[in-house]
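Peer 1: Structure, please.
(chains A, B, C and D)
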There are 2 protein chains.
Amino acid sequence: MAATIRDVAKVAGVGLGTVSRVLNQSPLVSAATRQRVLSVIAELRYNPSQLARTFALGKTLTVAALAPFFTRPSVVERLRGVEATLAAAGYHLVVFNVEAVARRDECLRDAARSDRADGLLIISLAPRPAEVNAFREAGLPVVLIDTFAEGLPGVSIDDVAGGALATNHLIALGHTRIAFIGDPQEDPLTFNFTSSHDRLLGYQQALAAANLPLPSAYQRHGLHGRYEARVLARELLQLPEPPSAIFAASDTQAMGVLEAARDLDIPVPQALAVVGFDDIDIAEYLGLTTVRQPLFESGARAVELLFLMLSGASAPPAEQVPVELVVRRTSAPLG
Amino acid sequence: MAATIRDVAKVAGVGLGTVSRVLNQSPLVSAATRQRVLSVIAELRYNPSQLARTFALGKTLTVAALAPFFTRPSVVERLRGVEATLAAAGYHLVVFNVEAVARRDECLRDAARSDRADGLLIISLAPRPAEVNAFREAGLPVVLIDTFAEGLPGVSIDDVAGGALATNHLIALGHTRIAFIGDPQEDPLTFNFTSSHDRLLGYQQALAAANLPLPSAYQRHGLHGRYEARVLARELLQLPEPPSAIFAASDTQAMGVLEAARDLDIPVPQALAVVGFDDIDIAEYLGLTTVRQPLFESGARAVELLFLMLSGASAPPAEQVPVELVVRRTSAPLG
DNA sequence: CTGTTAGCGCTTTCAT
DNA sequence: ATGAAAGCGCTAACAG
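Peer 2: Here you go, the predicted model:
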């Protein structure tokens, strides 16, 4: 049915090696033959089988990305950066949406021993040492985004500093009763997210440095999501001594806090200051004060690092990109 | 370096066809040999080359999806459905983010003549007849999501009916000055989106059926985005005779309308009713009245149709999934 | 049941 | 500069 390189060679009256050479822009072919081959290619409407090509080459020109995919706007934005950079280099992006712990493990395992991708990007999930080992043994280049793992390159932010940044902003505003809402603490054992945990650390350090109390009742954890955060925030706000400010480990969770405030008719920022994290698209719309991190760029940069490794370089060190406080309407000086 | 099927065969003392058979769960292998082969496989830590496998099979076990990818929450939700269904069947999903017209054409062209995917999903972009032809000639199964094209199967909604549904809701609420905000009209010539256009049609038909005027000043078009819609809405609301209700062709654009109302201190829904379209995640948070369409399910269903075609069936007819009006806080009877 | 053989379509030596 | 030939690792058809 479809013409093969052999057909082209036959019709053009050349060896099939020559056809391959014109296909690959090799300079070792005379202008005349090249012309002839080219015209036969056009005539036969031949197009090279990518499948055969990648097989012969031993590379797929494809990069896989593992992520708690579409459940988080911040991840989507990172993937945009990944896709754009990959596409510019002619690479394909295959995505794996990890929404359950079981799938996390399965994907990680498959990725390590499948040769269907030249490299792997892991977003927000930290592989365990055994998994890191499997990658190394498989010779699969891996770059992390928004997480860490011993011995693996990655691009991330200083979550501790980010947490402190948000908290210090609230302290500077005069708040002393500052609460925190983040992902489950046992999460590292399952999905293995680390950012929420580190942001909590920053929060704790900032409060301690300011000699402010950090009652454990002010630190709440729940599944990453608006609804869960809303419930937690409502609990906080109904405490005998409710906080005057809440730092949420993500903008999504901050939205839940805003909902809770609305539920209870608590005016923001007059009676409650709210700070989020990430600066996702919607944050601006909501006027949410937040800690911005370069999401798109983190994806793009990770791909660059991966390309470096693909070109034979040894694993570069993990990188950090800067965060920045964006003050909007949900935080104000304590009245 | 890595063990091949040949190594396994040699060590196990069997023919390499036998190894292939145990790999593919063929029943034509004695339990004893199977055991032996299996143990050698484990011993050698052999894993089959997917690359070689797909090449020999002539299929990639991969599906490509073309979409105005991450710029629209509704698309992301559709892709979730796509990925979940694909993953359940062991297929990979490679995504192409189309944010520019040039890339649209390039991707469409490449997809048609590349054999790097067994099938193609196109979201929200309508291929032109020439492109449809190229797919047919290439023998590439294609399923559309949220668009149409002559001769291509797809799953979509009745956008005209959806537009009418939203508009009739506003009419029933007593509104007579109802405006519309949607994507650029000339868009079909470039990106080739069709949904906004059809929703406008439904809006026009509903107004006409109710003998209500539809001044052209009440129909505005701008690039799909919150900011653009905000500008358009502000114009509408500053008209000598401003509308008392605005129907936006998407929730994203409806958010822009809400922003404009806030800018101008116009209370919603008291002085302005707003209806969106899609029921994306954030709509509930905002209390936005909207027309819900099953986004996740549309992706899942499209994959099912694609699998049908992959299994040799001829192209099924285009399908429509139902839409539903979700009334929330942004629409109320005209005061 | 099982071993052997012939490709899948392309890239790459290796001669010429 | 170009043709011929040797794989890449696997599946599937064919003999036993």
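Peer 1: Can you report how many residues neighbour the residue in chain A that DNA strand C sits nearest to?
Peer 2: Relative to DNA strand C, the nearest point of chain A is residue A:5 (2.9 Å; CB to the nearest atom of the strand). All C-beta spots, glycine's among them, are computed from the backbone N, C-alpha and C. Residue A:5 has 19 neighbouring residues, counting by other CB atoms under 10 Å in any protein chain shown.
Peer 1: In this structure it contacts residue A:48, no?
Peer 2: Yes: with contact defined as CB atoms under 8 Å, residue A:5 reaches residue A:48; the gap is 6.8 Å.
Peer 1: which residues do the two both contact?
Peer 2: residue A:23 (CB atoms under 8 Å, 6 or more residues apart in numbering or on different chains).
Peer 1: picking that back up, for the residue of chain A closest to DNA strand C, give its distance to residue A:21.
Peer 2: 11 Å (CB to CB, to the nearest Å).
Peer 1: Same question for residue A:100.
Peer 2: 49 Å.
Peer 1: Residue A:59 too?
Peer 2: Computed with CB to CB, the distance linking residue A:59 and residue A:21 is 19 Å.
Peer 1: got it, and residue A:215?
Peer 2: With CB to CB as the criterion, residue A:215 and residue A:21 are 73 Å apart.
Peer 1: and those two? which has more neighbours close in?
Peer 2: Between residue A:215 and residue A:21, counting by other CB under 10 Å, residue A:21 is the more crowded of the two (18 against 11).
Peer 1: Counting neighbours, what do you get for whatever residue of the stretch 201-335 of chain A ends up closest to DNA strand D?
Peer 2: Residue of the stretch 201-335 of chain A nearest DNA strand D, by CB to the nearest atom of the strand: residue A:310 (18.3 Å). Neighbour count of residue A:310, defined by other CB under 10 Å: 16.
Peer 1: hang on, isn't it packed against residue A:118?
Peer 2: Yes: with contact defined as CB under 8 Å, residue A:310 reaches residue A:118; the gap is 6.0 Å.
Peer 1: Find residues that contact each of the two.
Peer 2: Contact criterion CB under 8 Å, 6+ apart; residues bridging residue A:310 and residue A:118 by contacting each: residue A:141.
Peer 1: How about the spatially most central residue of chain A, nearest residue that isn't a chain neighbour?
Peer 2: When CA atoms, centre = their mean is applied to chain A, the residue found nearest the centroid is residue A:123 (3.9 Å). Distances taken as CB to CB, 6 or more residues apart in numbering or on different chains place residue A:67 nearest to residue A:123, at 3.7 Å, with adjacent residues excluded.
Peer 1: Can you show me the CA trace of the helix or strand bottoming out on mean pLDDT in chain A as PDB?
Peer 2: Counting by mean pLDDT, DSSP states H and E, chain A has its least confident helix or strand at helix A:101-113, which shows a mean of 85. As requested, C-alpha coordinates have been extracted for helix A:101-113 and formatted as PDB (Å, rounded to 0.1, in the frame of the first residue of the first chain):
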ATOM      1  CA  VAL A 101      -1.500   5.900  44.500                       C
ATOM      2  CA  ALA A 102      -1.700   2.600  42.800                       C
ATOM      3  CA  ARG A 103      -1.300   4.200  39.400                       C
ATOM      4  CA  ARG A 104       1.600   6.200  40.700                       C
ATOM      5  CA  ASP A 105       3.600   3.100  41.400                       C
ATOM      6  CA  GLU A 106       2.500   1.300  38.200                       C
ATOM      7  CA  CYS A 107       3.500   4.300  36.000                       C
ATOM      8  CA  LEU A 108       6.800   4.700  37.700                       C
ATOM      9  CA  ARG A 109       7.600   1.000  37.200                       C
ATOM     10  CA  ASP A 110       6.500   0.900  33.600                       C
ATOM     11  CA  ALA A 111       8.300   4.100  32.800                       C
ATOM     12  CA  ALA A 112      11.600   2.600  34.100                       C
ATOM     13  CA  ARG A 113      11.500  -0.500  32.000                       C
END
